[in-house]
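Q: Fold the following for me, if possible:
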Amino acid sequence: TTKKGILNYLTRLLMVLVQTGYAAKDELTGRYRLGVEAMLTGMAAMAKPPIFEACHPAMVSIARRTGDTVFLIIRIGDSAHCLHVEVGRNPLYAHSLMAGQARLLGQGTASLALAATLRDRELGPIYQRRSLDYEAVGISQERLQDMVSHTRKMQHSDSLNLLTSGAAGVGVAISFQTNHVAAISVAAHDSTMTAAH
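A: Residues are numbered from 1 along each chain as shown. Predicted structure coming up:
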């Protein structure tokens, strides 16, 4: 076989992966990355990944002490994926994020904590790639940068009515391996999210 034949075969194989959702092409750069199906398959195979094992006891403790809902979020590509939800005795039923779901980086309390760990030169291209998605949820590039700057200054993210009316949240990013970051957030009714709480 020739180099051209091998290249044609690999191109056809890549197209199949794109069509089935196992790969995705970045329209701006022309580069390929893992698609949603590949990510979901990987997450399903990692029913209890190391970050879950490390964080779960703390999440249970926080949910018991506060009565609030606690989220564990990880970054995969340009998105923040919910790995686990620990529900406390006073659950915030209005929240819409469930385990296995994904949001844009910066869309949500834990997701904002993750976004704040990125350098501006990393965050800018993510916004450009997903600008239509960000605009659809009312997040301009300037607003995202303002929220990220505030989060960096406070060293934690906080939110009030960010995604759910009447909800408040606090989130922190945590390093769990070299170059890997996750975030934990707590969501509560805004009336209970006092400074002492």
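Q: all helices of the protein, in order?
A: Under the criterion DSSP state H, helices of the chain are mapped to 3-19, 36-45, 50-66, 109-115, 120-129, 131-136, 141-154.
Q: what's the neighbour count on Leu118?
A: If you count neighbours by other CB atoms under 10 Å, Leu118 ends up with 17. (Each C-beta comes from the backbone N, C-alpha and C, glycine too.)
Q: ok, back up a step: make TSV from the helices of the chain and add mean pLDDT, distance to Ala182 and mean neighbour count to it.
A: Putting these into TSV (pLDDT from 0 to 100; distance: least, CB to CB, whole Å; neighbours: other CB atoms under 10 Å) gives the following:
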stretch	mean pLDDT	distance to Ala182	mean neighbour count
helix 3-19	82	27	11
helix 36-45	66	13	14
helix 50-66	91	5	15
helix 109-115	94	8	28
helix 120-129	93	17	14
helix 131-136	94	22	13
helix 141-154	95	15	15
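Q: Between those, which one is closest to Arg89.
A: helix 50-66 (7.8 Å; CB to CB).
Q: which other residues reach the closest one?
A: Outside helix 50-66, the residues that touch it by CB atoms under 8 Å, 6 or more residues apart in numbering are 68-70, 72, 74, 83-84, 86-89, 174, 176-177, 180, 182, 184, 186, 188, 197.
Q: and it, how far from the chain's centre?
A: What separates the centre of helix 50-66 from the centre of its chain is 18 Å, taken as CA atoms, centre = their mean, to the nearest Å.
Q: what about the closest residue to His81 other than its chain neighbours, how many residues close to it?
A: Nearest non-adjacent residue to His81, counting by CB to CB, 6 or more residues apart in numbering: Ala102, 4.7 Å away. For Ala102, the neighbour count with other CB under 10 Å is 22.
Q: So Ala102 is in contact with Gly77, correct?
A: No. Using CB atoms under 8 Å, Ala102 makes no contact with Gly77, being 9.1 Å away.
Q: thought Leu123 was touching Met147?
A: No. Leu123 lies out of contact with Met147 (CB under 8 Å); the separation is 10.8 Å.
Q: Which neighbours do those two have in common?
A: Overlap of the contact sets of Leu123 and Met147 (by CB under 8 Å, 6+ apart) consists of Ala115.
Q: how near is Val70 to Ala182?
A: Distance of Val70 to Ala182, given as CB to CB, to the nearest Å: 13 Å.
Q: Give me the distance between the residue nearest the centre of the chain and Asp133.
A: Geometric centre of the chain, nearest residue: Ala80, 1.2 Å, by CA atoms, centre = their mean. Going from Ala80 to Asp133 by CB to CB gives 12 Å.
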